[in-house]
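> Here is a sequence with its predicted model. Questions after.
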2 protein chains.
Amino acid sequence: MPLPDKYKRFSEWYEKITEEAEIVDKRYPVKGMLVWKPYGYKALKLTMRILEDLLEEYGHYEAYFPMLVPEEVFAKEKDFLEGFSGETFVVERTISKKLARKFLLRPTSETVMYYMFNLWVTSYKDLPIKIYQTVNVFRYETEETRPILRVREIIRFNEAHTVHATLEDTERQIREAIEIYSKFFDALLIPYIILKTPPWDTFSGAEYNFDFFAIMPDKKAIELGSVINLGQKFAKAFDIKFQDKDGQWKYVYQTCYGVSERVLGVLLAVHGDNRGLIFPHNVAPIQIVIVPIPGEEVIDKILEKCRALEKRLKESGYRVKVDDREDLTPGRKYYWWEFLGVPLRLEIGEKEVEQNMVTIARRDLFRRVTVDDKDLERKIREIFDDISKELYDRAKKWLISNIITASTIDEAKNKLAENKGGIVRMPWCGKDNCGLKIEETMGVSSLGHNPWEKADGKCVICGSEAKYYFYVGKKY
Amino acid sequence: MPLPDKYKRFSEWYEKITEEAEIVDKRYPVKGMLVWKPYGYKALKLTMRILEDLLEEYGHYEAYFPMLVPEEVFAKEKDFLEGFSGETFVVERTISKKLARKFLLRPTSETVMYYMFNLWVTSYKDLPIKIYQTVNVFRYETEETRPILRVREIIRFNEAHTVHATLEDTERQIREAIEIYSKFFDALLIPYIILKTPPWDTFSGAEYNFDFFAIMPDKKAIELGSVINLGQKFAKAFDIKFQDKDGQWKYVYQTCYGVSERVLGVLLAVHGDNRGLIFPHNVAPIQIVIVPIPGEEVIDKILEKCRALEKRLKESGYRVKVDDREDLTPGRKYYWWEFLGVPLRLEIGEKEVEQNMVTIARRDLFRRVTVDDKDLERKIREIFDDISKELYDRAKKWLISNIITASTIDEAKNKLAENKGGIVRMPWCGKDNCGLKIEETMGVSSLGHNPWEKADGKCVICGSEAKYYFYVGKKY
């Protein structure tokens, strides 16, 4: 089970850990479709619940829209149809007979939902609508698939869709969505940058979109989530109109934003180390494992104390487990639960029983501390907070150290080579043409720019006054 | 919004209420596929959560298996393939290109899971396995579809699958599953009977199965859930073997059991009345609605009290809502929330403010009671319990009054005609042939027999000593 180095051989590290640490089973005989094991699935549900709670807090309602989309509904918005045609699965028969119509497996639910929004919206009083669902969606990825990060069945796609009467309200919604996602990724301790996608990479059918990016251990950027301003394109395609206070019929404005299980894949990659996974306590399927250390004579009392602690901590709301397997040494158990990323381990031996103490070992720093029984919950809360700080600081350092600033194309190329990857940002005049040229000259992907971050210096392409930084880098 | 009579015109009542009481929207342009509105979807999640908690309590783990099944995996068990071939959707292309393989949309996940169980099981130490998932499955129903009850996309199919070393352990599991489902339907206040399905109607690929049946307001039986003993058929088809303690390689035994959103459809039908839905408090999306009754001068104080109660009840863990819409009279609000089935309404007017009281109106009996502010939570708990008793009693009476016993075929026919439907049970010798003849002669569906219930008298077909009652009736 020893792991390859996370930074030097990330791809192998990731393949190995997602399979062996009980997250997924990759032996299902369809490329890009995974079996999720209970431990991994629990982490995924806990992760998504944080987002769902945030969405509810901000006034979104959960609903469910069908998975199969009639072809004629899917085809209403032309850019969208074109953007998704290569990767969308089609149903046109059952095993025994041909169907009269064609259906598509949703790659995302714009068309399904907006067909209904056309029926739901008639007056300004119906607005805004703020709906979300967490569902499986399908994309026939022709590029290399990668467990959890790039798959053909996305099993937990959380997609929010909103409808508004005015452009102003739509822009407020975009800011709200950015705020929700920022809180979500903060809760997962994943540092990110937010960039507005260049027009040539914008979501099919959108006016513009913002992407959240993290940086993986191989220094490639990865998209964590997207916040999309759809403007009135879909409103026009689906004829979604409302009668305003002034009596006029107007097209609505729309936004949508989505994240998927990919965020969990990024979380595993960002926080893990060469000994295994490290889960933040809020999404850890098991937060605390209790390991009995067999003593000379008091093994019954040791087990009794383990069970009493388990009961007590469960009642305090923790996800806790006693590892009482008799055929494994404590050392093997430590190793296993460290590999699985359980943030805290309680070790209970003779000393702990006799002195009414608990020894706590933390996963991130491998440090031990011994506390009085009565102080346990307080100390656990303290250490959890501390682990969160530690994990976030490590991740933040990695992000910062891999975002490079350069003031010429040559400097950007050199620095990127020197750093062996990462993201590089360069002063840019704001014109699409110059952005495209940066992408072409650098030979890596455009990531976009941050409109709230002003740049110093001259555009690296045209030499005129720079407005923003243009970010490029290899990405997933 | 007035409803047709639930018992006399059930079909219309059901169509109207599921659409107008914010459960589903049927205007999605594919037959048998529904849009779930937030209110209905919340009820469905709360319903399924009761079952999921029970499954976890009994040692089941939640996992996720892919939705698309390669044709060759689906085809391994021949009876299963034959049973599902008419209703299973096929994917063989994307919009722009033909795929090299065919995939099927899971109608249920036996084949997907058992392909993996073949890889997971090697030793007796790996057993038992107890796994479940709650997922969408697809069945191309060619019969008439009916909202929630008979659909083409089942959006929340909870399917549990277990693997065992011995026949005894398998039978223990069947009993456990029956216990879990009994607790689940009890929690939903839906009375049921449990019958062993006749061999000619047994689940494709199974040894035998038990079905839970409720009786709908139109006196037809409806299947709530199935508990299936798969024996070793799938084990042989998927070559799932383990090395036992004695060193021998043996085939495993398997069970599976499933329920879907249909149980919510049944719950709505069973508990509703001519004024609308009635939700048991444990699955009510909104448990308590607070309605301000505008007074002469104290409207601010009234609203203030409403908000204070809302806050207090939320903190006590209730799902509560203040209806502060200004353009509706209290009467209209009462009417609306009764229609939606909210079990309790708090009415707050001048009197309630001045006397530190709350008026509570219950949905089931339309009775009001006034309590001291300080006694509110205690009283709510009391009334919730009372409503549960009332709903269960009503439903139980309906069930019992529609299960008829007869000792000859003629008597059965007459009584069924007299009762205008329902289920009729007749003494039966236990032989398949006689069961089939009962079905044919009666001209309604076989439902099965309860092996724990011994019959008096002679078999209505062959006249030999009866063992059990054979149940028949119209069913969904």
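Cool, the structure landed.

> Can you pull out the low-pLDDT segments for chain A?
The model of chain A has pLDDT under 70 over residues A:1.

> which residue ranges form the helices in the stretch 201-350 of chain A?
Applying DSSP state H, counting those that start in this stretch to the stretch 201-350 of chain A gives helices spanning A:233-237, A:262-271, A:299-315, A:330-339, A:350-354.

> Show me what the second one is in contact with.
In other words, helix A:262-271. A:10, A:14, A:17-18, A:23, A:40, A:43-44, A:47, A:147-150, A:154, A:184-185, A:188-190, A:214, A:216-217, A:222-225, A:277-280, A:283, A:341, A:391, A:394-395, A:398 (Cβ atoms under 8 Å, 6 or more residues apart in numbering or on different chains). In this view, the C-beta of every residue, glycine as well, is placed from N, C-alpha and C.

> Would you format the helices of the stretch 201-350 of chain A as a markdown table with mean neighbour count included?
A markdown table is the format used below for the helices of the stretch 201-350 of chain A (neighbours: other Cβ atoms under 10 Å in any protein chain shown):
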| stretch | mean neighbour count |
| --- | --- |
| helix A:233-237 | 21 |
| helix A:262-271 | 24 |
| helix A:299-315 | 16 |
| helix A:330-339 | 17 |
| helix A:350-354 | 17 |
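
> And the residue of the stretch 101-250 of chain A closest to chain B?
Nearest residue of the stretch 101-250 of chain A to chain B: A:Tyr140, at 4.8 Å (Cβ to the nearest Cβ).

> Tell me how many other residues surround that residue.
21 (other Cβ atoms under 10 Å in any protein chain shown).

> in which helix or strand would I find it?
Under DSSP states H and E, no helix or strand contains A:Tyr140.

> what's the answer for A:Glu12, then?
Counting by DSSP H and E, A:Glu12 is found in helix A:10-20.

> and A:Glu56, what is it in contact with?
A:Glu62.

> Which residue, neighbours along the chain excluded, lies closest to A:Lys420?
Once flanking residues are discounted, A:Lys420 sits nearest to A:Lys219: 6.6 Å by Cβ to Cβ, 6 or more residues apart in numbering or on different chains.

> close enough to count as contact, A:Pro198 and A:Cys434?
No - contact criterion Cβ atoms under 8 Å: A:Pro198 and A:Cys434 do not qualify, at 10.7 Å.

> tell me which parts of the stretch 51-200 of chain A are close to chain B?
Applying Cβ under 8 Å from any Cβ of the partner chain, we find that the stretch 51-200 of chain A lies next to chain B at A:61-68, A:70, A:73, A:84-97, A:99, A:103-105, A:112, A:115-116, A:119, A:131, A:135-136, A:138, A:140, A:153, A:155.

> What strands line up against the helix or strand hosting A:Glu92, and which way round?
If you go by DSSP H and E, A:Glu92 is part of strand A:89-94. Partner strands and pairing direction for strand A:89-94 (DSSP bridges) are strand A:98-105 (antiparallel), strand B:89-94 (antiparallel).

> Select, out of the ones you listed, the one closest to B:Asp5.
Of all the strands paired with strand A:89-94, strand A:98-105 sits nearest to B:Asp5, with 37.0 Å by Cβ to Cβ.

> tell me which residues in that closest one are buried?
A:Lys102, A:Phe103, A:Leu104, A:Leu105 (16 or more other Cβ atoms under 10 Å in any protein chain shown).

> Could you do stretch A:444-458 as well?
Result for stretch A:444-458 [16+ other Cβ under 10 Å]: buried residues A:Val444, A:Ser445, A:Ser446, A:Leu447, A:Gly448, A:His449, A:Asn450, A:Ala455, A:Lys458.

> Ok, stretch A:75-95 next?
Those would be A:75-77, A:80-81, A:83-85, A:87-95, for stretch A:75-95 by 16+ other Cβ under 10 Å.

> Does A:Gly258 have any beta-bridge partners, and if so which?
A:Glu159, A:Ser226.

> What segments of the stretch 351-476 of chain A are helices?
Under DSSP H, counting those that start in this stretch, the stretch 351-476 of chain A gives helices at A:376-401, A:409-418, A:432-442.

> Turn the ones you listed into CSV, columns for mean neighbour count and distance to chain B.
Putting the helices of the stretch 351-476 of chain A into CSV (neighbours: other Cβ atoms under 10 Å in any protein chain shown; distance: least, Cβ to the nearest Cβ, whole Å) gives the following:
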stretch, mean neighbour count, distance to chain B
helix A:376-401, 16, 21
helix A:409-418, 15, 35
helix A:432-442, 17, 26
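
> Between the ones you listed, which one is closest to B:Ile293.
Using Cβ to Cβ, the nearest of these to B:Ile293 is helix A:376-401, at 45.1 Å.

> can you state the direction angle for that closest one and helix A:262-271?
Taking axes from the mean of the first three to the mean of the last three Cα atoms, to 10 degrees, helix A:376-401 and helix A:262-271 form an angle of 90 degrees between their directions.

> Contact partners for A:Ile403?
With Cβ under 8 Å, 6+ apart, A:Ile403 has these contacts: A:Ile193, A:Ile215, A:Gly422, A:Ile423, A:Val424, A:Arg425, A:Tyr471.

> Right, I'll leave it there.
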